[in-house]
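J.: Got a sequence here, can you model it:
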Amino acid sequence: MALEPPIRALHSVAMYARDAASIATPIGLVRVTGSADRIDAIEILATGGATSSDAPAILEALKQLESYFAGRLTVFDLPLAPAPTERGAVLRQGIVNIAYGSTASYGALAKAIQSSPRAIGQACARNPFPIVVPCHRILGAGGALGAYSAGNGPITKSKLLDHERPQGGLL
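T.: Okay, the predicted model is just below:
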């Protein structure tokens with residue numbers, strides 16, 4: 001009777017190889033996690049030092065983030081890990097479609113993509129790609145700043161919105 005090969009033999013190690021690198025930014029340390037060909041997460045951290053990676057997707061993400069904070073980039077083009085559901089992909093794309101320097105309310109975005117404000121809020125709270133999938137551009141009713149799940153919460157959100165305003169930038 002033939003035995004099944006061990007599960008680890010069925011998958012290549014490279015398939016699971018994850019790497020991370022980070023850069024210092026005006027809003028704190030930003031860490032990018034992923035592999036050679038995709039980005040799995042972006043985090044805004046309170047402490048830590050810059051680290052490097054050789055993974056091409058991570059290097060490209062760091063380069064684009066540096067350009068964003070230098071005021072030279074307004075649209076990201078990165079190989080992000082896919083959203084876990086089709087609905088999640090629709091919500092993510094709706095958020096990405098809010099242009100640099102613009103904002104939208106939870107309600108307005110929900111109406112535009114035939115969703116609910118609560119679904120938009122949940123998508124933002126679970127967003128693994130802050131800055132790149134710009135939840136900071138979504139405001140509460142009447143222009144209220146609202147919550148932000150990355151970095152130092154609303155303080156980070158306010159700094160990102162200030163950075164995107166025409167008169168200035170963080171640098």
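J.: Next, name the residue at the spatial heart of the protein.
T.: A centroid search over the chain (C-alpha atoms, centre = their mean) returns Phe129, at 1.6 Å, as the residue closest to the centre.
J.: Touching, it and Ile39? I think so.
T.: Yes. Counting by C-beta atoms under 8 Å, Phe129 does reach Ile39; the two are 7.0 Å apart. Any C-beta I mention is one placed from the backbone N, CA and C, and that applies to glycine too.
J.: got a list of what Ala150 touches?
T.: Shown in contact with Ala150 (C-beta atoms under 8 Å, 6 or more residues apart in numbering): 43-44, 127, 130-131, 135-136, 156.
J.: Repeat the analysis, applying 6 Å as the threshold.
T.: For Ala150, the contacting residues are 44, 130, 156, by C-beta atoms under 6 Å, 6 or more residues apart in numbering.
J.: The last one and Leu65: what is the separation?
T.: Distance, Thr156 to Leu65, using C-beta to C-beta, to the nearest Å: 14 Å.
J.: tell me the helices in this structure, going along the chain?
T.: Applying DSSP state H to the chain gives helices spanning 7-10, 13-16, 56-69, 86-96, 106-112, 117-125, 154-164.
J.: Including mean neighbour count, mean pLDDT and distance to Tyr148, could these go into CSV?
T.: Below are those laid out as CSV (neighbours: other C-beta atoms under 10 Å; pLDDT from 0 to 100; distance: least, C-beta to C-beta, whole Å):
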stretch, mean neighbour count, mean pLDDT, distance to Tyr148
helix 7-10, 8, 36, 39
helix 13-16, 8, 45, 31
helix 56-69, 19, 97, 17
helix 86-96, 16, 96, 13
helix 106-112, 17, 96, 13
helix 117-125, 18, 95, 8
helix 154-164, 18, 95, 4
